[in-house]
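# The following block contains a protein sequence and its predicted model.
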Amino acid sequence: MLIELANVYKIYNEEMENEVRALNGVSLKIDRGEFVGIIGASGSGKSTLMNILGCLDLPTYGEYYLNGRDVSELSDRKLSHVRSREVGFIFQGFNLVEALSALENVELPLVYQGVSSWRRREMAGDALERVGLLERARHKPSEMSGGQQQRVAIARAISTNPPIIMADEPTGALDTKTGKVVLEILSSIHRDGATVLLITHNNDIAAQTERLVRISDGVIIEDRDNRGAAP
Amino acid sequence: MSISRSMKMAVKSILSNKARTVLTMLGIIIGIAAVMTIVSVVQGTNRRSMEMYESQGTNKIDVYAYQWNGKDISQKLYDYCLSLNELVAGVTPNMGYWGAGGSVKYMAADAANNPDYGAPQVALGSDQYSLCNNFTIAEGRDLSYLDVKMYNQVIVLGAAVKDYLFQYQNPIGQRVTLGANTFEVIGVYKAKDAGFSQGWSLDNIAVVPYTLNRMLNNSTMIESFVVKAKSKAATTEAITRLTGFLSGEIDPNMGYFNVYSQNEWMDENASATKMYSYVGGGVAGISLLVGGIGIMNIMLVTVKERTREIGIRRAIGGSRRTILVQFLLEAAVVCGVGGLFGLALGLVGTLVAGKLMLEMVLMPGVAMSAAAFAFSVALGLVFGIYPAVKAAWLQPVEALRSE
Ligand SMILES: Nc1ncnc2c1ncn2[C@@H]1O[C@H](COP(=O)(O)OP(=O)(O)O)[C@@H](O)[C@H]1O
Ligand SMILES: [Mg+2]
């Protein structure tokens, strides 16, 4: 099993007046190679879930096993290593470093992996090519459209060829047409063998995935096979 | 991640905000430049004093004794000085002849008109005058024992006097006049090249036998001697003995004496130099401290502004350590580059101050420059720690959420 959450809670301001249970007892198993859509209303806990799955955050209670390893035991260095090697993040707001060019942004995860500079250039170039943006390599994020920026962000996420891609409302800031392009790229990443987690509050987008997990108020209320559901 | 990679990253992000970086560096630049200039000038001044001291001669004791009751102990004092022969290498009377107002004439030329150094000092000394005052003969011969004994009207010229009066002519055997008296030039001292300050030179001197005192000054009284001791220890001992001797000879109500060595003055000078260095260094240190606080301030602002970037870097695999190193290096690089600019400005400042204040080409020492550079880098590391720790301990999720 690639991912295994067992009764996970994420509680902010616990036992205070403003306590928020962003995750309120979530158990979830995801296998290698799945294409999972996580759907829920705004504030339902989707991002919190993704941050925990991606080792950006730790659960308040409960256990998380990634590749069979208990994540709560890991030091900051080990967690960083997991993020560096296992996960590629894609965010709604792109989250590119403004001061760096597209190519440099895509190279950044490789820098943290300690890849040599010529090899880095090569791998980052490949990733940009996969999202069809090689000719924009020298552009700064501010010189690109939202759709292009998100494609750079995807290139950054896949530049290290991580086994898991986590996308938190990747089309949320894009119009329908560019959103479709982004979804198409994610599908192709999945076809190439990666496990893809796609978070959205949009039913149409969720319909593109193979498995659908519905979350509401920090609890999973539905988890079903979605293959064949797409039009 | 390697240091060189972190370094490249630091340089990159510094270059992305040049104007602010330069402003941030200003404190360091000025601080380093001030340290360099102050220390260089103090050291230059000290070096010059040392050179002057050494060219005048080390272990030299000035003895001055005067009584206003007319009692003349000149010969007794001279004999006493000579009797200290286990401590003393030479003794000479050291009086001035002011009668002719420093006029030493050769044909139409008068050394008193020398535009560079003014009127020369005419000294009355013995055949040990040159030994006591650290002169050596360049041309001709020195005063001899016989010259002194025989009241010979001979004169030895300092290089400045010779150059002014004779230029490229051979002065030996020529006759010069001091007021109404004629002297034969028998020798020229080698130049000390101690043009220490404008209008004055150790080479602007002429020496005649002290036995001509009666003829020139109409007196047999010798108030002033120079005693050349054999060593630093001998200097101290000779001063003690001379002071003892003169205390026995001179009634403090009836006269005055002074036994003085520049050794003490040099020690004082060295400690004063040290103090000036400390004071100057302290002032500059404070400005560096202010510069360091400026760095910390700017780095804190940078961390705040780049919180989201820090979140991104953490999300894509950056550990706390790499973030810490990145911001620490940024601070160190900013300060290091500021330090280099400071060194450049300090070099200019040292050259200008050396020219204006000391009329010499002063250069900051290599060791001091290296130390100043290392210090500015260290300053960046020290004042960069707090902002870097703050950056490293940001929660990735919170950092990503910030805007
Ligand atoms: N740092 C925090 N402090 C307090 N409450 C938080 C914090 N982060 C998230 N929440 C709350 O947790 C809930 C889930 O948030 P989130 O996972 O971002 O939802 P979603 O991504 O589904 O919109 C929301 O009610 C949100 O306000
Ligand atoms: Mg969200």
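Everything's here; your move. Ligands and ions are numbered 1, 2, ... in the order given.

# So the residue sitting nearest the centre point of chain A: helix, strand or coil?
For chain A, the residue nearest the mean C-alpha position is residue A:166 (1.6 Å; CA atoms, centre = their mean). With DSSP: H, G, I helix; E, B strand; the rest coil as the basis, the three-state label of residue A:166 is strand.

# what about the residue of chain A found nearest chain B, which helix or strand?
Among the residues of chain A, residue A:84 lies closest to chain B, at 2.7 Å counting by CB to the nearest CB. The C-beta positions use only the backbone N, C-alpha and C, and glycine is treated the same way. Counting by DSSP states H and E, the element that carries residue A:84 is helix A:76-85.

# Please list the residues of chain B that sit near chain A.
Residues of chain B found near chain A (CB under 8 Å from any CB of the partner chain) are B:1-2, B:5, B:9, B:12-13, B:16, B:308-309, B:311-322, B:395-397, B:400.

# which residues of chain A fall in helices?
A:46-53, A:76-85, A:102-113, A:117-130, A:146-158, A:176-191, A:203-206 (DSSP state H).

# With mean neighbour count and mean pLDDT added, can I get those in a markdown table?
As requested, these are exported to a markdown table (neighbours: other CB atoms under 10 Å in any protein chain shown; pLDDT from 0 to 100):
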| stretch | mean neighbour count | mean pLDDT |
| --- | --- | --- |
| helix A:46-53 | 24 | 96 |
| helix A:76-85 | 19 | 94 |
| helix A:102-113 | 24 | 95 |
| helix A:117-130 | 17 | 94 |
| helix A:146-158 | 25 | 95 |
| helix A:176-191 | 17 | 92 |
| helix A:203-206 | 18 | 90 |
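
# Just say helix, strand or coil for the residue in chain B positioned nearest to ligand 1.
Per CB to the nearest ligand atom, residue B:398 is where chain B lies closest to ligand 1, at 6.5 Å. Assigned by three-state DSSP, the conformation of residue B:398 is helix.

# coming back round to it: and the residue of chain A closest to chain B, what is it in contact with?
A:109, A:112, A:113, A:160, B:316, B:317 (CB atoms under 8 Å, 6 or more residues apart in numbering or on different chains).

# Looking at those residues, which one is closest to residue B:258?
Using CB to CB, residue A:112 comes nearest to residue B:258 of the contacts of residue A:84, at 77.4 Å.

# measure stretch A:182-199 end to end?
Distance across stretch A:182-199, first residue to last, is 13 Å (CA to CA, to the nearest Å).

# and residue 183, what does it touch?
Using chain A. So residue A:183 contacts A:170, A:171, A:205, A:208 (CB under 8 Å, 6+ apart).

# The intended chain is chain B.
Contacts of residue B:183 (CB under 8 Å, 6+ apart): B:153, B:154, B:155, B:175, B:176, B:177, B:208.

# And the buried ones among those residues, selectable in ChimeraX?
Buried subset of the contacts of residue B:183, written as a ChimeraX selection, criterion 16 or more other CB atoms under 10 Å in any protein chain shown:
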select /B:153,154,155,176,208
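
# In the stretch 251-400 of chain B, what residue spans correspond to helices?
Taking DSSP state H, counting those that start in this stretch, the helices of the stretch 251-400 of chain B run over residues B:262-305, B:307-315, B:320-353, B:366-392, B:396-401.

# How about the contacts made by residue A:182?
A:147, A:150, A:151, A:154, A:170, A:171, A:174.

# Same list (the contacts of residue A:84) but as JSON lines, adding distance to ligand 1.
Formatted as JSON lines, the contacts of residue A:84 follow (distance: CB to the nearest ligand atom, whole Å):
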{"residue": "A:109", "distance to ligand 1": "23"}
{"residue": "A:112", "distance to ligand 1": "25"}
{"residue": "A:113", "distance to ligand 1": "28"}
{"residue": "A:160", "distance to ligand 1": "25"}
{"residue": "B:316", "distance to ligand 1": "20"}
{"residue": "B:317", "distance to ligand 1": "22"}
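
# what does the model give residue A:33 for pLDDT?
At residue A:33, the model reports a pLDDT of 95.

# who's in contact with the nearest residue to it once chain neighbours are set aside?
Once flanking residues are discounted, residue A:33 sits nearest to residue A:195: 5.8 Å by CB to CB, 6 or more residues apart in numbering or on different chains. Counting by CB under 8 Å, 6+ apart, residue A:195 touches A:2, A:3, A:30, A:31, A:32, A:33, A:34, A:35, A:36, A:163, A:164, A:165.

# And the contacts of stretch A:103-113?
Contact partners of stretch A:103-113, identified using CB under 8 Å, 6+ apart, comprise A:80, A:84-85, A:88, A:96-97, A:100, A:119-121, A:123-125, A:127-128, A:137-138, A:141, A:152-153, A:155-157, A:159-160, B:1, B:5, B:9, B:313, B:316-318, B:322.

# same question, stretch B:27-37
B:280-281, B:283-285, B:287-288, B:290-292, B:294-295, B:334-335, B:338-339, B:341-343, B:345-350, B:353, B:364, B:368-369, B:372-373, B:375-376, B:379.

# ok so, going back, can you put the contacts of residue A:183 in CSV and add distance to ligand 1?
Converted to CSV, those look like this (distance: CB to the nearest ligand atom, whole Å):
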residue, distance to ligand 1
A:170, 13
A:171, 14
A:205, 14
A:208, 19
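
# Just among these, which is most surrounded?
Using other CB atoms under 10 Å in any protein chain shown as the neighbour test, the contacts of residue A:183 are led by residue A:170, with 28 neighbours.

# Pull the number of nearby residues for the residue nearest to that one when sequence neighbours are not counted.
For residue A:170, ignoring the flanking residues on the chain, the nearest one in space by CB to CB, 6+ apart is residue A:90 at 4.8 Å. By other CB under 10 Å, the residues close to residue A:90 number 29.

# Next one: residue A:90, what pLDDT does it get?
Looking at residue A:90, its pLDDT stands at 96.

# again, but for residue B:175
Residue B:175 carries a pLDDT score of 94 in this model.

# Residue B:194 now?
58.

# same deal with residue A:36?
Reported pLDDT for residue A:36: 96.

# circling back to that earlier point, export the contacts of residue A:84 to JSON lines and tack on distance to residue B:87?
As requested, those are exported to JSON lines (distance: CB to CB, whole Å):
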{"residue": "A:109", "distance to residue B:87": "82"}
{"residue": "A:112", "distance to residue B:87": "77"}
{"residue": "A:113", "distance to residue B:87": "79"}
{"residue": "A:160", "distance to residue B:87": "85"}
{"residue": "B:316", "distance to residue B:87": "82"}
{"residue": "B:317", "distance to residue B:87": "80"}
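
# and which of the residues you listed is nearest to residue B:265?
Nearest member of these to residue B:265, counting by CB to CB, is residue A:112, at 64.9 Å.

# Once you drop chain neighbours, what's closest to the closest one?
Nearest one to residue A:112, counting by CB to CB, 6+ apart, is residue B:317 at 3.8 Å.

# Could you give the number of residues near the one you found?
So residue B:317, with other CB under 10 Å, has 27 neighbours.

# Check residue B:51 too.
14.

# cool, residue B:15 as well?
Here the number of neighbours of residue B:15 (other CB under 10 Å) works out to 10.

# Next, it: phi, psi?
Main-chain dihedrals, residue B:15, degrees, to the nearest 10: phi -70, psi -20.

# show me what contacts the closest residue to residue A:82 other than its chain neighbours?
Once flanking residues are discounted, residue A:82 sits nearest to residue A:55: 4.8 Å by CB to CB, 6+ apart. With contact set as CB under 8 Å, 6+ apart, residue A:55 has these partners: A:66, A:71, A:74, A:79, A:82, A:83, A:86, A:87.

# residue contacts, the residue nearest to residue A:72 when sequence neighbours are not counted?
Leaving out its chain neighbours, the residue that sits closest to residue A:72 by CB to CB, 6+ apart is residue A:58, at 5.9 Å. Residues near residue A:58 by CB under 8 Å, 6+ apart: A:52, A:64, A:71, A:72.
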